[in-house]
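A.B. asks: Sequence plus the predicted model coming up.
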Amino acid sequence: MDNKENIRILLTDDDQDDREFFADAVADLHLNVTVEFCINGLELINYLYDKNRIIPDIIFLDLNMPIMSGFETLKQIREDILFKDIPIIAIYSTSSSQEGIKNTFGSGANAYIVKPTDFNELKKLIRKVIEMDWKEQLKYSKLESFIITV
(Lines give C-alpha, C1' and ligand atoms only; values in the text may rest on other atoms or scores of the structure.)
Protein backbone atom coordinates (compact mmCIF):
# COMPACT_ATOMS: atom_id res chain seq x y z
CA MET A 1 0.00 0.00 0.00
CA ASP A 2 1.16 3.49 -0.74
CA ASN A 3 2.14 5.23 2.49
CA LYS A 4 1.35 8.62 0.94
CA GLU A 5 -2.37 7.91 1.14
CA ASN A 6 -4.17 7.52 4.42
CA ILE A 7 -4.54 3.82 5.16
CA ARG A 8 -7.66 2.89 7.11
CA ILE A 9 -7.28 -0.06 9.47
CA LEU A 10 -10.14 -1.61 11.37
CA LEU A 11 -9.22 -3.82 14.33
CA THR A 12 -11.92 -6.05 15.77
CA ASP A 13 -10.93 -7.37 19.18
CA ASP A 14 -12.96 -7.77 22.35
CA ASP A 15 -9.97 -7.08 24.63
CA GLN A 16 -9.59 -3.37 25.40
CA ASP A 17 -5.95 -3.76 26.45
CA ASP A 18 -5.16 -5.42 23.11
CA ARG A 19 -6.94 -2.62 21.21
CA GLU A 20 -4.92 0.01 23.08
CA PHE A 21 -1.68 -1.94 22.58
CA PHE A 22 -2.41 -2.10 18.83
CA ALA A 23 -3.27 1.63 18.65
CA ASP A 24 -0.06 2.53 20.48
CA ALA A 25 1.99 0.38 18.09
CA VAL A 26 0.40 2.01 15.04
CA ALA A 27 0.96 5.50 16.47
CA ASP A 28 4.60 4.65 17.18
CA LEU A 29 5.13 3.76 13.50
CA HIS A 30 4.43 7.38 12.45
CA LEU A 31 2.67 6.33 9.27
CA ASN A 32 -0.34 7.90 7.62
CA VAL A 33 -2.73 5.40 9.17
CA THR A 34 -6.14 5.77 10.76
CA VAL A 35 -7.25 3.02 13.13
CA GLU A 36 -10.82 2.34 14.15
CA PHE A 37 -12.10 -0.41 16.40
CA CYS A 38 -14.97 -2.83 16.80
CA ILE A 39 -15.35 -4.96 19.90
CA ASN A 40 -16.96 -8.03 18.33
CA GLY A 41 -17.87 -9.59 15.01
CA LEU A 42 -21.45 -8.35 14.99
CA GLU A 43 -20.27 -4.78 15.47
CA LEU A 44 -17.84 -5.27 12.57
CA ILE A 45 -20.60 -6.53 10.28
CA ASN A 46 -22.78 -3.55 11.22
CA TYR A 47 -19.82 -1.21 10.66
CA LEU A 48 -19.22 -2.55 7.14
CA TYR A 49 -22.88 -2.08 6.16
CA ASP A 50 -23.15 1.41 7.64
CA LYS A 51 -23.44 3.76 4.66
CA ASN A 52 -21.90 6.58 6.74
CA ARG A 53 -18.62 4.69 7.19
CA ILE A 54 -15.69 4.39 4.83
CA ILE A 55 -14.76 0.80 4.07
CA PRO A 56 -11.38 0.01 5.67
CA ASP A 57 -8.29 -0.83 3.62
CA ILE A 58 -7.29 -3.63 6.01
CA ILE A 59 -9.18 -5.53 8.71
CA PHE A 60 -7.39 -7.16 11.62
CA LEU A 61 -9.78 -9.71 13.07
CA ASP A 62 -9.35 -11.50 16.40
CA LEU A 63 -10.69 -15.03 16.10
CA ASN A 64 -11.60 -15.58 19.75
CA MET A 65 -14.48 -13.25 20.57
CA PRO A 66 -17.87 -13.54 22.24
CA ILE A 67 -21.21 -12.81 20.49
CA MET A 68 -19.85 -13.61 17.03
CA SER A 69 -16.50 -15.35 16.68
CA GLY A 70 -13.87 -14.23 14.23
CA PHE A 71 -14.48 -17.39 12.17
CA GLU A 72 -18.22 -16.65 11.89
CA THR A 73 -17.52 -13.01 11.10
CA LEU A 74 -14.95 -13.90 8.46
CA LYS A 75 -17.35 -16.28 6.71
CA GLN A 76 -20.14 -13.70 6.71
CA ILE A 77 -17.89 -10.96 5.32
CA ARG A 78 -16.61 -13.22 2.55
CA GLU A 79 -20.17 -14.11 1.49
CA ASP A 80 -20.65 -10.52 0.29
CA ILE A 81 -18.97 -9.52 -2.97
CA LEU A 82 -18.74 -5.92 -1.72
CA PHE A 83 -16.00 -6.92 0.69
CA LYS A 84 -14.04 -9.46 -1.38
CA ASP A 85 -11.05 -7.13 -1.90
CA ILE A 86 -10.54 -6.12 1.72
CA PRO A 87 -7.47 -7.84 3.12
CA ILE A 88 -8.44 -9.59 6.35
CA ILE A 89 -5.67 -10.48 8.75
CA ALA A 90 -6.78 -13.15 11.21
CA ILE A 91 -5.29 -12.86 14.68
CA TYR A 92 -5.14 -15.86 16.93
CA SER A 93 -4.05 -15.14 20.45
CA THR A 94 -3.35 -18.57 21.88
CA SER A 95 -1.84 -20.85 19.28
CA SER A 96 -0.97 -21.47 15.70
CA SER A 97 -2.39 -24.96 15.24
CA GLN A 98 -2.32 -26.26 11.67
CA GLU A 99 -6.05 -26.99 11.81
CA GLY A 100 -6.84 -23.44 12.92
CA ILE A 101 -4.61 -22.02 10.21
CA LYS A 102 -6.23 -24.15 7.49
CA ASN A 103 -9.74 -23.28 8.71
CA THR A 104 -8.90 -19.59 8.70
CA PHE A 105 -7.41 -19.78 5.21
CA GLY A 106 -10.39 -21.78 3.96
CA SER A 107 -12.79 -19.23 5.45
CA GLY A 108 -11.30 -16.42 3.39
CA ALA A 109 -8.69 -14.69 5.53
CA ASN A 110 -5.75 -13.32 3.56
CA ALA A 111 -3.13 -13.72 6.27
CA TYR A 112 -2.72 -15.13 9.74
CA ILE A 113 -0.68 -13.85 12.67
CA VAL A 114 -0.22 -15.04 16.21
CA LYS A 115 -0.92 -12.09 18.48
CA PRO A 116 2.45 -10.82 19.70
CA THR A 117 3.00 -9.76 23.30
CA ASP A 118 6.14 -7.78 22.46
CA PHE A 119 5.53 -4.15 21.42
CA ASN A 120 8.35 -4.01 18.84
CA GLU A 121 7.27 -7.31 17.32
CA LEU A 122 3.72 -5.99 16.98
CA LYS A 123 5.01 -2.84 15.27
CA LYS A 124 7.03 -4.94 12.81
CA LEU A 125 4.01 -7.11 12.00
CA ILE A 126 1.74 -4.11 11.46
CA ARG A 127 4.32 -2.41 9.24
CA LYS A 128 4.77 -5.63 7.24
CA VAL A 129 1.00 -5.92 6.69
CA ILE A 130 0.68 -2.27 5.67
CA GLU A 131 3.58 -2.50 3.23
CA MET A 132 2.41 -5.70 1.54
CA ASP A 133 1.27 -5.56 -2.07
CA TRP A 134 -2.29 -6.66 -1.33
CA LYS A 135 -3.42 -6.57 -4.96
CA GLU A 136 -0.87 -9.29 -5.75
CA GLN A 137 -1.47 -11.13 -2.48
CA LEU A 138 -5.23 -11.25 -3.09
CA LYS A 139 -4.70 -12.66 -6.59
CA TYR A 140 -2.37 -15.46 -5.57
CA SER A 141 -3.34 -16.33 -2.03
CA LYS A 142 -1.47 -19.47 -1.00
CA LEU A 143 -1.34 -21.33 2.28
CA GLU A 144 2.47 -21.26 2.18
CA SER A 145 2.55 -17.45 2.39
CA PHE A 146 -0.47 -17.18 4.66
CA ILE A 147 1.30 -16.86 8.02
CA ILE A 148 2.96 -13.51 8.58
CA THR A 149 5.89 -13.42 10.96
CA VAL A 150 8.64 -10.95 11.75
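C.D. replies: Thanks, I have it. Numbering: from 1, shown residues only.
A.B. asks: and the closest residue to Met68 other than its chain neighbours, what is it in contact with?
C.D. replies: Spatial nearest neighbour of Met68, chain neighbours left out: Gly41 (3.2 Å); criterion: CB to CB, 6 or more residues apart in numbering. Using the backbone N, CA and C atoms, a C-beta is placed for each residue, glycine as well. Residues in contact with Gly41 (CB atoms under 8 Å, 6 or more residues apart in numbering) are 12, 61, 65, 67-70, 72-73, 76.
A.B. asks: Out of these, list just those in helices.
C.D. replies: 70, 72-73, 76 (DSSP state H).
A.B. asks: Neighbour-wise, which one of those residues leads?
C.D. replies: Thr73 (27 neighbours; other CB atoms under 10 Å).
A.B. asks: between the contacts of Gly41, which is nearest Ile101?
C.D. replies: Distance to Ile101, by CB to CB, is smallest for Gly70 among these, at 13.2 Å.
A.B. asks: Surely that closest one is in contact with Leu63?
C.D. replies: Yes: contact status for Gly70 versus Leu63: in contact at 3.5 Å, counting by CB atoms under 8 Å.
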